[in-house]
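*Asks:* Sequence unavailable; structure follows:
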């Protein structure tokens, strides 16, 4: 059997399984089964199901292989089910699967042009197209990193390297850098500070208002204070769509403060940056053009396969200026004379890289800018429908912004009949029960404003297959399950 | 049209293209075309072929989509062709494609157990299985990172965090850390030092012998010297399979020195670590069990799809000890009481993560340990065949180790008839010409021992589809093309 025949055989076995898997999770299909999301199992159970060491010594039979593949599908969360409302991403989609298959077929590495000519050209192209939505600079552009955290980490390295280039050779020695970010920002800012040897203590957390928005007056006061204390202010991170409340920081004001104090101004728009595609909601990003770097993840709001995260810059050449080591055995400078760099790893802190940008390119081509805009607008419509519904029911209470700025809604469900139970108990009971029913997977979170109030639901309305009917059913399901308390 | 129908339609269009693409690159197929590797095109040409901005506004037609997909395949390097000898990885394989499709279907995120139960259990499982090949400790294990560089970077963070935990809060302040690595090690060690705020100057590069192997006496002398100069020795990186010569450092001796001076001992086995599967060649890794961390990339020598890189530890709990922030909105500790961590991102410096470990699990299941062993042994046999052949031809000259320790061979081709040309000119001319013929893609490198000798070929014999006949043809092709000089 030659290689194509072998692949053909495996694909022929696999395809009906995949189509059935998608189909039972699709509200538009006659095979739709709302409970196809899958239910919770303990690690202990899954270990018993999967782990048999002698499986790994000799090649397995095709029968055995597909037995295990069937179990992988059966015991995983079926994210194609619209009831997957747990995280800031939703299901894949057909063109996303196609793009992953193509990348798998090419199986190359977009680190140098020689081995990935098309992928490198397309990454530069789509990075620039994407950046142009945020920036007016002719020179703007972007590269992909393996997740929003790595984009944020890279932006901090960029800030340090551009503003204090001697740190590349000498390290942090001689500087006492300070970083600023809101209390509601993602933990990757703190992790970046730790990784870069700046220390978690030197990340100054700025207070937020009741909607989770950074207090810019406090930001400025803290900067002044740290300067007086001998710090070198390096980097301020603002968030477009915070993790818990989905809030947007005031970018125009922050940019002015950053400029005044010579601080790198980064926007972490991993989650909320893609409202840029919507005419109706893009104003949430006002001032983003002043940012020195922006993280945006198409794998979240736009449904590009996981992971796909961009770091966008007003001047794309800064990637190389900040990161390059010029390793002569790898980067041969063959393309010198051209105005762009195509040996993309030279602009990163890594080397080998999967071309996540290609997935975004193919999705954009397939749906068009128009398609992404529709997706974002539909998600907002669903979110707003849900908010309206629960606001008119006294047993629900929205937490944080009463008109959420992004696609998640934070709320308590606490009917008078269970008044003796605390919020955490109610939230966890309902969340787990919904999961056990295999219909809805919803997340919960401690209350970042007042911990004593207990944990609330944080439900994310991102899937394009969501309908008002499903939202009604979700609300009814919460109420139904709540009766068991 | 519902979602499954849409995917079915796209797959039906795609499949014959993929099978034909693989088939023409397969020496075992009657459709084999040696020139299917693809030839070199300038970025300017590819930009003209692909970039039309109006493509991205509205959704494209299916015809347009497949027109572009056809061009992506046509103008990419077909890594399934055995003539792809340029980098330290080779083609994908049928089970690799299947594993990528499954990950794409699941489209989840192996950061927390709730959304990726099976993938998290399997990552822990296969990480431990893999680590057990290197370590005897019951507690050993591993996690995947998005490439060897990120595994190496993570190991440095691990070293700093475990040995000097106050750096997590305070940064590097108060320490003047020193790092040691050989002159032939990968640039990611230097990038890691820059990223972690230690500074490139504080990476002390140890000399190598003529085979590219670290001089351990010099290592110890440098450590003593840096200590006397007030440095805190932090981390020594040894390499299993260096990038250019494929050399293995002497791990037993290095481990003793590291232990004596309380230094974290890391092995970068991104390329050469997987000889562990071969009974014949695993002794190159003698002493690896003393390493505090080991990087190994199954996407290189084992043909798992790009990217798949593991960081292995003698005690897997060190991932969390070193990295965790305990973010309460994400990590709910649901699985507490179990002996293992299943919220995998908690043990990394990132958050969202594609489950690269699953590709390795499925490949291991399909081929068995036995299959990986055969693959490694076959590759060595081919490499040794090539070395024997060129050694008996006076126009070729092997550079570096005369009996290469890993799968790449470095050599000059310089027949007397072109005595007036320098090596760099000859090497680049032949390399580019072979690429233009669409038959062989081979890399070249500056001579790291004596730059004045000029650039040489570095050819990597990693593909399982290589045969002695192809090697003979490669040698003949070099000689043929050389006649044009």
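*Replies:* Happy to help now that I have it. Since the model is a prediction, treat every value here as computed from it, not as a measurement.
*Asks:* what does stretch A:198-209 rub up against?
*Replies:* Residues lying outside stretch A:198-209 but in contact with it, judged by Cβ atoms under 8 Å, 6 or more residues apart in numbering or on different chains, are A:172, A:176-184, A:189-190, A:193-194, A:214-215, A:218-219, A:222, A:226, A:231, A:234, A:247, B:167-173, B:197, B:325. In this view, the C-beta of every residue, glycine as well, is placed from N, C-alpha and C.
*Asks:* if you set the cut-off to 7 Å instead, what comes out?
*Replies:* Applying Cβ atoms under 7 Å, 6 or more residues apart in numbering or on different chains, the external contacts of stretch A:198-209 come out as A:172, A:177-184, A:189-190, A:193-194, A:214-215, A:218-219, A:222, A:226, B:167-171, B:173, B:197.
*Asks:* Would you mind measuring the gap between the ends of it?
*Replies:* Between the start and the finish of stretch A:198-209 there is a gap of 27 Å, counting by Cα to Cα, to the nearest Å.
*Asks:* Which positions within that stretch qualify as buried?
*Replies:* Going by neighbour count (16 or more other Cβ atoms under 10 Å in any protein chain shown), the buried part of stretch A:198-209 is A:198, A:199, A:200, A:202, A:203, A:204, A:205, A:206, A:208.
*Asks:* Same question for stretch A:15-25.
*Replies:* A:15, A:18, A:19, A:21, A:22, A:23, A:24, A:25.
*Asks:* what's the answer for stretch A:252-272, then?
*Replies:* Taking 16+ other Cβ under 10 Å as the neighbour-count basis, stretch A:252-272 is seen to contain the buried residues A:253-258, A:261, A:263-272.
*Asks:* average pLDDT across that stretch?
*Replies:* Across stretch A:252-272, pLDDT averages out at 98.
*Asks:* First-to-last residue distance for it?
*Replies:* Chord length of stretch A:252-272, first to last residue, is 17 Å (Cα to Cα).
*Asks:* ditto for stretch A:443-450
*Replies:* Distances were taken as Cα to Cα; on that basis the terminal residues of stretch A:443-450 are 18 Å apart.
*Asks:* if we can go back for a sec, out of the buried residues of stretch A:252-272, which sit inside strands?
*Replies:* When the buried residues of stretch A:252-272 are checked against strands using DSSP state E, the ones located there are A:264, A:265, A:266, A:267, A:268, A:269.
*Asks:* Kindly indicate which of those lies nearest chain B.
*Replies:* Distance to chain B across those (Cβ to the nearest Cβ) is lowest for residue A:268, with 11.4 Å.
*Asks:* so how far is the helix ranked longest in chain A off the chain centroid?
*Replies:* The helix spanning the most residues in chain A, taking DSSP state H as the definition, is helix A:356-391. In terms of Cα atoms, centre = their mean, to the nearest Å, the centre of helix A:356-391 is found 14 Å from the chain centre.
*Asks:* For the helix or strand following it, name the packing helices and strands.
*Replies:* Beyond helix A:356-391 in the direction of the C-terminus, DSSP states H and E gives the next helix or strand as strand A:396-398. Counting contacts by 3 or more Cβ pairs under 7 Å, 6 or more residues apart in numbering or on different chains; DSSP states H and E, the secondary-structure elements packed against strand A:396-398 are helix A:356-391, strand A:408-413.
*Asks:* just to revisit the earlier point, return only those of the buried residues of stretch A:15-25 found close to chain B.
*Replies:* Filtering the buried residues of stretch A:15-25 for proximity to chain B (criterion: Cβ under 7 Å from any Cβ of the partner chain) leaves A:15, A:18, A:19, A:21, A:22, A:23.
*Asks:* Filter these down to the ones in helices?
*Replies:* With helices identified by DSSP H, the entries of those that belong to them are A:15, A:18, A:19, A:21, A:22, A:23.
*Asks:* want to throw those into TSV with pLDDT?
*Replies:* Output for these, formatted as TSV (pLDDT from 0 to 100):
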residue	pLDDT
A:15	98
A:18	98
A:19	98
A:21	98
A:22	98
A:23	98
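*Asks:* Dump the residues you listed to TSV, plus distance to residue A:364.
*Replies:* Below are those laid out as TSV (distance: Cβ to Cβ, whole Å):
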residue	distance to residue A:364
A:15	26
A:18	24
A:19	25
A:21	26
A:22	22
A:23	26
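*Asks:* What parts of the stretch 351-485 of chain A come near chain B?
*Replies:* Contact residues, the stretch 351-485 of chain A versus chain B (Cβ under 7 Å from any Cβ): A:351-354, A:364-371, A:445-446.
*Asks:* Of the residues you listed, which pair is most distant in space?
*Replies:* Distance extremes for these: the farthest pair is A:365 and A:446 at 41.5 Å, using Cβ to Cβ.
*Asks:* Same drill for the two, tell me which one is more crowded.
*Replies:* Between residue A:365 and residue A:446, counted using other Cβ atoms under 10 Å in any protein chain shown, the more crowded position is residue A:365 (21 against 16).
*Asks:* all strands for chain A, in order.
*Replies:* When secondary structure is read from DSSP E, chain A shows strands at A:84-85, A:141-145, A:177-182, A:203-206, A:232-239, A:264-269, A:293-296, A:309-313, A:396-398, A:408-413, A:441-445, A:456-460.
*Asks:* Name the stretch among those that sits most buried.
*Replies:* Per-residue neighbour counts averaged over each of the strands of chain A give the maximum for strand A:293-296, namely a mean of 30 (mean count of other Cβ atoms under 10 Å in any protein chain shown).
*Asks:* Is that one positioned near chain B?
*Replies:* No: shown here: strand A:293-296 not in contact with chain B (Cβ under 7 Å from any Cβ), separated by at least 11.7 Å.
*Asks:* which of the ones in strands among the buried residues of stretch A:252-272 are the two that sit furthest away from each other?
*Replies:* Using Cβ to Cβ, the two most remote members of those are A:264 and A:269, lying 15.5 Å apart.
*Asks:* Distance-wise, check the closest residue to residue A:255 other than its chain neighbours relative to residue A:279.
*Replies:* When the adjacent residues along the chain are set aside, residue A:255 lies closest to residue A:290, with 3.5 Å between them (Cβ to Cβ, 6 or more residues apart in numbering or on different chains). Computed with Cβ to Cβ, to the nearest Å, the distance linking residue A:290 and residue A:279 is 21 Å.
*Asks:* Could you check which of those two has the larger neighbour count?
*Replies:* Taking other Cβ under 10 Å, residue A:290 and residue A:279 do not tie; residue A:290 has more neighbours (17 against 9).
*Asks:* which ones are touching the more buried one?
*Replies:* Contact partners of residue A:290, counting by Cβ under 7 Å, 6+ apart, are A:251, A:255, A:265.
*Asks:* try 10 Å
*Replies:* Shown in contact with residue A:290 (Cβ atoms under 10 Å, 6 or more residues apart in numbering or on different chains): A:135, A:251, A:252, A:254, A:255, A:256, A:258, A:259, A:265, A:267, A:314.
*Asks:* And the residues you listed, which two are furthest apart?
*Replies:* Set against one another by Cβ to Cβ, these have their most distant pair in A:135 and A:256, with a gap of 17.5 Å.
*Asks:* Output the below-cut-off pLDDT ranges for the stretch 251-400 of chain A.
*Replies:* A:327-338 (pLDDT under 70).
*Asks:* hey, what's residue A:84 bridged with?
*Replies:* With beta bridges defined as DSSP bridges, residue A:84 has these partners: residue A:441.
*Asks:* pretty sure it contacts residue A:77?
*Replies:* Yes: here residue A:84 lies in contact with residue A:77, judged by Cβ atoms under 10 Å, at a distance of 6.5 Å.
*Asks:* so what sits against both of these two?
*Replies:* Residues touching both residue A:84 and residue A:77 comprise A:37, A:38, A:441, B:107, B:108, B:115, with contact defined as Cβ under 10 Å, 6+ apart.
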